[in-house]
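Novice: Sequence first, then the predicted structure:
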Amino acid sequence: MNKFVVGVLVGICLPLLAAYAFVMMGGMPVATKGKPLPLEHFLASKAIHKAMGREVERPSPVPADEINLLAGAKVYRANCAVCHGQPARPAVISPIAKGMFPEPPLLVGPEKGVTNNSTGESFWKVKNGIRLTGMPGYSDSLSETEMWQASLIVAKAHELPASVVKLLDEPLPSAK
Ligand code: HEC
């Protein structure tokens, strides 16, 4: 073997061994309070955008009218609010949301949440979930229509009719 090949093999093996040693020595942050790894956020965000591809451009087949938004608010209250909060109660973070890593973003409060993203992008996340983050995939529990309705709630969070905000704000059953 010439020196070049040895160099390449060592160059490949050393980082793999170092990573293995890091995990075996308990260095990998696995508790929710652990700090993110270097590049973790960057890599995770690149990975999801590549995986979603052009599906994010899919327009909602469900119109954002008051009937669908009221239905979406019902789906959101039952399936999402425990993690993503309610419009008038951004400071009330449930024990479930508080204990997660990454923390679930507030999606319907005064901050912009995901209103900059297309409804198709939120639909992709609701349908497929986001692995290793706690964001569940709902394809086995909600119908396509319900997933679009919930996605419309988060995509249009800045322009929801008052009737929908009122429903979103009704108290949730307490976890305590
Ligand atoms: C058990 C907690 C939990 C529940 C319930 C939950 N989510 Fe999430 N969700 C998360 C977490 C945690 C993230 C952050 C993932 C990340 O950082 O990549 C997330 C991310 C998202 C995102 C992407 C946010 C962004 O910044 O791009 C959307 C959209 C979303 N959730 C919508 C929903 C909807 C709609 C529901 C209900 C149908 C729901 N989630 C239910 C925990 C939850």
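Specialist: Looks like it arrived, so ask away. Residues are numbered from 1 along each chain as shown.
Novice: With adjacent residues omitted, what lies nearest to residue 93?
Specialist: Among residues not flanking residue 93 along the chain, residue 85 sits closest, at 6.9 Å (C-beta to C-beta, 6 or more residues apart in numbering). Bear in mind the C-beta positions are built from the backbone N, C-alpha and C, glycine included.
Novice: I'd like to know how many residues surround residue 124.
Specialist: Neighbour count of residue 124, defined by other C-beta atoms under 10 Å: 23.
Novice: Now the longest helix along the chain: buried residues?
Specialist: Here the longest helix in the chain is taken by residue count, with DSSP state H as the criterion, and it is helix 3-24. Of the residues in helix 3-24, none has enough neighbours to count as buried (16 or more other C-beta atoms under 10 Å).
Novice: mind listing what the closest residue to residue 105 other than its chain neighbours touches?
Specialist: Here the nearest residue to residue 105 in space, its sequence neighbours aside, is residue 113; by C-beta to C-beta, 6+ apart that works out to 6.3 Å. By C-beta atoms under 8 Å, 6 or more residues apart in numbering, the contact list for residue 113 reads 84, 105, 106, 107, 154, 157.
Novice: what's the helix or strand for the second one?
Specialist: Yep, that's residue 105 we're talking about. Residue 105 is part of no helix or strand when elements are defined by DSSP states H and E.
Novice: Quick one: name the residues of this protein near the ligand.
Specialist: For the chain, the residues found near the ligand under the criterion C-beta under 6 Å from any ligand atom are 79-80, 82-84, 96, 100, 102, 104-105, 114, 122, 125-126, 130, 133-136, 138, 150, 154.
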